[in-house]
Structure formats: C-alpha cells, structure tokens
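Asker: sharing a sequence plus its predicted fold:
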Amino acid sequence: MSQAEYAILAPDGVNEEVSTATMNVLLIGSGGREHALAWKIARSSHFTRLLSVPGNTGTGRYGQNVPFPLNDLEALVDLGQREDINLVVVGPDNPLADGIADAFSAAGIPTFGPKAAAARIESSKSFAKEIMAATGVPTAAAHVFDSPAEAAAFAQQSGQPWVVKADGLALGKGVVVADDLPATLAAIARLGATPAGKRLLLEERLEGRELSVMALCDGERLLPLPTARDHKRLGEGDTGPNTGGMGVVAPVDEVTPALLDQIVNSCMQPVVNELAARGTPFRGVLYAGVILTRAGPRILEFNARFGDPEAQAVLPLLEGDFLEVLYDCAVGNLHPETLRRRKGYAVCVVLCAEGYPGKPRTGDPIRGVEAVDDEQVLIFHAGTAIGPAGLCTAGGRVIGVTGLGSTLARARARAYEIAERVAFEGKHYRKDIGAE
C-alpha cells in the first residue's frame with residue numbers, strides 16, 4: 001500500500017496507544033482556522049489547557065485568550081515559559097515568516113510550524129520556484145522581476161495575459177489570474193504597490209481543476225490529510241475578485257489514492273527532502289495548491305500552514321489523537337497510523353460581512369448561532385466579537401458553517417440550512433459551494 005493510501009485510509013482498529021502525558025498548548029492566531037484547531041486539540045486525551053494568542057470568540061470556549069501582539073516574540077516566549085507550555089501550534093503565515101518557531105524552539109518549547117528558513121516556501125514565491133526547479137517538481141513556468149516597471153515591460157513585450165503574483169505574504173490576496181493584457185498590467189500596478197509586491201512573478205496560466213493537499217510533516221515524513229477544494233472567488237461560478245476563501249468541500253472524489261500518492265511523492269516529498277538537505281527541515285503542515293492539468297498535477301503554490309477555510313472542513317474528517325500527532329511532528333517523530341480518515345464528507349460555507357473582500361462593516365449583531373443544535377453541523381468563529389448587545393461581526397469572513405454527512409449532498413444541505421438561519425445585517429455568501 002502506498003504512503004498516501006496508508007495515511008488516509010488506515011482501517012478501523014489501528015492501535016492508538018497513548019501515554020498518560022498531558023499537554024498545555026499555546027495556539028497562535030485568531031481566525032476560523034484557529035477555532036477549528038482549538039476545537040480539535042481540545043478533543044485529545046492529552047489535552048490539559050489552552051492559551052490562544054490573541055484568539056477569538058471560538059477559541060475562548062476551550063481555554064483563555066491572551067491579547068499579546070504576535071510580533072513581540074520575546075514576550076510570547078516568556079509567556080510560554082511562565083505558563084509551562086508543552087507545545088506551540090502556529091496558525092497564520094506571518095508569525096512563521098517572522099521566526100516565531102525559531103524563538104520558541106531556541107527556548108526549548110516544541111513548536112508545530114516551520115522555522116523561518118523553511119517557511120520561505122510560502123513567504124517567498126520566488127524561493128518556492130527555486131526549490132521546485134532544484135527538485136524537478138512540476139509547476140508553471142514563471143519569470144521573476146524586482147520592480148513593477150520591469151514586469152510591465154515584459155508583459156507588454158509578450159503581448160499575452162499572465163498570472164501575476166506578489167512574491168511575499170498578502171493574506172491570500174496576492175495572486176491575480178488576468179484574462180487579458182490590460183488586466184495583467186493593472187494587476188502588476190496594484191500588487192507592485194503593496195509591501196508583498198516588492199518582487200513580482202509573472203506565471204503562465206494553466207488550465208484545470210484546482211485542489212488543496214495538506215500533509216503533516218516532521219521534517220522527513222509526510223502524512224497526507226483528506227483532500228479539499230477551496231472556492232476563492234467572491235461570486236457564484238468563480239466570478240469576482242479573489243478572497244481568502246469562500247468555502248470548501250472535502251474530500252475531493254476525483255482524487256484517487258493513486259493520484260494522491262503521485263502528488264505526495266512527486267510534488268511534495270521532494271520539497272521536504274530538499275529543505276532537510278539544506279539544513280532547514282520542515283516541521284508543520286505543508287500545503288500544496290495543485291492544479292490538475294491534462295499533463296498531470298502541477299503545483300501552483302506552497303503554504304507553510306493549514307489552509308483557511310480548508311481546516312474547517314478537513315479537521316472534522318480526522319479520527320485519532322490530533323494533538324499527539326502535532327506534538328510528534330514538532331519533535332520529529334511522526335507516526336502516520338495515529339490518524340485515520342472518517343467516512344463521509346464536509347462542506348464549509350463562509351458567511352461574510354458587508355464590504356468583504358474590501359473594507360468590511362463591523363459591529364452588526366449576529367443571531368441564530370446559539371440556536372444551532374445539530375452534531376452534524378459545526379460553527380467556527382472567525383470575524384466575531386462580543387459587544388454590548390452580544391455576538392457581533394468583527395471582520396470580513398465572519399463565520400464558517402461546516403456540515404457533515406455520509407454523502408456530499410447531505411453535508412452540503414446541512415451547511416446551507418444553518419447558513420441561511422444565522423443572520424446579521426449585510427451577510428453574504430456563495431450559494432454554490434459543493435454544487436459542481
């Protein structure tokens with residue numbers, strides 16, 4: 001049996017022998033992904049206590065939210081030492097790029113999340129291209145430019161549209177798939193004016209269906225998780241601007257065990273091997289953005305953390321002690337048999353505030369959340385807060401509603417039933433998640 005098949009389809013009855021050790025966990029982040037992580041971590045037999053920095057309304061249900069700034073690494077390490085933290089779990093990309101894993105590791109606190117040198121696989125798209133070229137990972141051809149003027153001159157000369165990418169981190173909004181040359185030039189100007197766009201990539205357009213493949217990694221081994229399909233565009237039919245993600249379906253039926261094994265072994269494992277060979281082992285979750293072309297799978301991008309909202313659909317499909325596996329990855333001792341895939345499907349629908357993905361309106365009361373009483377529906381808080389009148393909106397992507405079911409249709413129906421019942425002024429969401 002292949003590595004991918006074994007990791008995801010391990011049969012019931014796998015030995016889940018655990019020790020009596022308990023863990024105090026420090027969770028970094030404040031979005032829907034972090035609520036999903038807190039929910040999953042708290043279900044572990046090893047779990048003792050959770051601190052979330054800064055956390056949100058959802059993470060606060062499983063422990064204490066601590067309003068520390070994420071860029072004060074010295075203060076965060078001091079917090080971890082004072083609170084006897086046994087494991088740090090990092091959700092967002094920016095702290096990883098800033099070296100949060102380096103700081104905690106130097107203090108002797110195991111951290112799930114790569115050090116800054118390995119996290120460059122996400123924080124620098126040109127570095128990711130360099131790694132893929134060195135290892136023969138199939139990907140789109142790309143050109144790197146140190147200024148918008150150089151990129152625009154190349155695009156003008158080529159006379160064709162390009163995918164425009166900011167080299168740095170841009171909160172999931174640093175990619176524009178241009179349909180023509182004027183759109184390409186507009187994207188170069190817009191992304192080039194952002195901090196993430198000090199360097200720009202022009203990449204060939206590939207045709208095919210996109211796919212998210214996340215795998216837990218201990219620096220050497222990979223444990224693939226159920227596949228997912230994110231819906232990035234704001235509107236139905238994949239129209240409108242890119243967003244941080246409007247919804248997710250997991251798993252993706254068209255991805256056979258053989259295809260998943262091909263993606264893991266040809267597109268992901270070589271990257272892990274190369275980073276280890278360079279003295280920067282990757283310990284955390286390696287996220288591969290894949291496009292399924294006629295010529296086979298190609299890598300669009302790598303991320304160094306759980307996808308958001310992919311985590312809200314994938315984590316509910318996992319059985320086994322999730323916290324134990326995170327710790328094993330952090331200390332370089334992954335046991336793939338600890339996790340297995342739950343049968344069925346998950347569909348996550350993201351409810352957004354008025355104005356998203358631009359400037360969202362906040363402070364609107366949210367109704368209907370507490371009335372949800374269905375074990376097959378999970379509500380993950382992202383942009384919410386507790387105001388004078390109770391729960392209210394506090395960000396662009398407000399809530400993720402995840403429906404579970406034995407079939408995709410049942411999971412989808414459950415998610416949309418609750419998505420319609422949760423109410424706040426200006427709520428909008430895609431109606432076609434999982435409808436393809």
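Answerer: The structure has been received and is ready for your questions. Residues are numbered from 1 along each chain as shown.
Asker: please make it C-alpha for all contacts and neighbour counts, starting now.
Answerer: Noted.
Asker: for the protein, which segments count as helices?
Answerer: 3-9, 32-41, 73-82, 93-97, 100-106, 116-123, 125-135, 148-158, 181-192, 257-263, 269-277, 310-314, 322-330, 408-421 (DSSP state H).
Asker: need the winner for burial among these.
Answerer: Scoring the helices of the chain by mean neighbour count under mean count of other Cα atoms under 10 Å gives helix 310-314 as the most buried, with a mean of 29.
Asker: for that helix, packing partners?
Answerer: Helices and strands touching helix 310-314, by 3 or more Cα pairs under 8 Å, 6 or more residues apart in numbering; DSSP states H and E, are helix 32-41, strand 247-250, strand 345-352, strand 397-405.
Asker: now those as TSV including distance to residue 373?
Answerer: Formatted as TSV, these follow (distance: least, Cα to Cα, whole Å):
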stretch	distance to residue 373
helix 32-41	16
strand 247-250	22
strand 345-352	17
strand 397-405	12
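Asker: what would the ones you listed look like in TSV with mean pLDDT and distance to residue 308?
Answerer: Shown next, in TSV, are these (pLDDT from 0 to 100; distance: least, Cα to Cα, whole Å):
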stretch	mean pLDDT	distance to residue 308
helix 32-41	98	5
strand 247-250	98	9
strand 345-352	98	10
strand 397-405	98	10
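Asker: number of residues surrounding residue 232?
Answerer: 19 (other Cα atoms under 10 Å).
Asker: closest to residue 337 out of the helices of the chain?
Answerer: Among the helices of the chain, helix 3-9 comes nearest to residue 337, with 6.6 Å by Cα to Cα.
Asker: of all the helices and strands packed on helix 310-314, which lies closest to residue 318?
Answerer: Nearest of the helices and strands packed on helix 310-314 (Cα to Cα): helix 32-41, 9.1 Å.
Asker: compute the inter-axis angle for the closest one and helix 322-330.
Answerer: 110 degrees (axes from the mean of the first three to the mean of the last three Cα atoms, to 10 degrees).
Asker: show me the contact partners of helix 32-41.
Answerer: 27-28, 47, 50, 55-56, 58-59, 62, 91, 306-312, 315-316, 322-323, 380-383, 399-400 (Cα atoms under 8 Å, 6 or more residues apart in numbering).
Asker: just stretch 284-291 next, same as before
Answerer: Residues contacting stretch 284-291 (Cα under 8 Å, 6+ apart): 112-114, 206-218, 268, 297-307, 326, 329-330.
Asker: hmm, try it at 7 Å
Answerer: Stretch 284-291 is contacted from outside by 112-114, 208-218, 297-306, 329-330, using Cα atoms under 7 Å, 6 or more residues apart in numbering.
Asker: again, but for stretch 419-436
Answerer: With Cα under 7 Å, 6+ apart as the test, stretch 419-436 has contacts from 235-236, 246-249, 347, 349-354, 364-369, 401, 412.
Asker: can I have the buried ones of those as a PyMOL selection?
Answerer: This is the PyMOL syntax for the buried subset of the contacts of stretch 419-436, where burial follows 16 or more other Cα atoms under 10 Å:
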select buried, resi 235+246+247+248+249+347+349+350+351+352+353+354+364+365+366+369+401+412
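Asker: check the gap between residue 72 and residue 99 for me.
Answerer: Distance, residue 72 to residue 99, using Cα to Cα, to the nearest Å: 11 Å.
Asker: which residues does the residue lying farthest from the centre of the chain contact?
Answerer: The C-alpha centroid of the chain is most remote from residue 157, which lies 36.1 Å away (Cα atoms, centre = their mean). By Cα under 7 Å, 6+ apart, no residues touch residue 157.
Asker: model confidence for it, exactly?
Answerer: At residue 157, the pLDDT value in this model is 94.
Asker: kindly report the same for residue 423.
Answerer: 97.
Asker: what segments of the stretch 151-300 of the chain are strands?
Answerer: Taking DSSP state E, counting those that start in this stretch as the criterion, the stretch 151-300 of the chain contains strands spanning 163-166, 175-177, 200-203, 209-218, 222-224, 229-230, 233-235, 239-242, 247-250, 283-293, 296-303.
Asker: right, I'll call it a day here.
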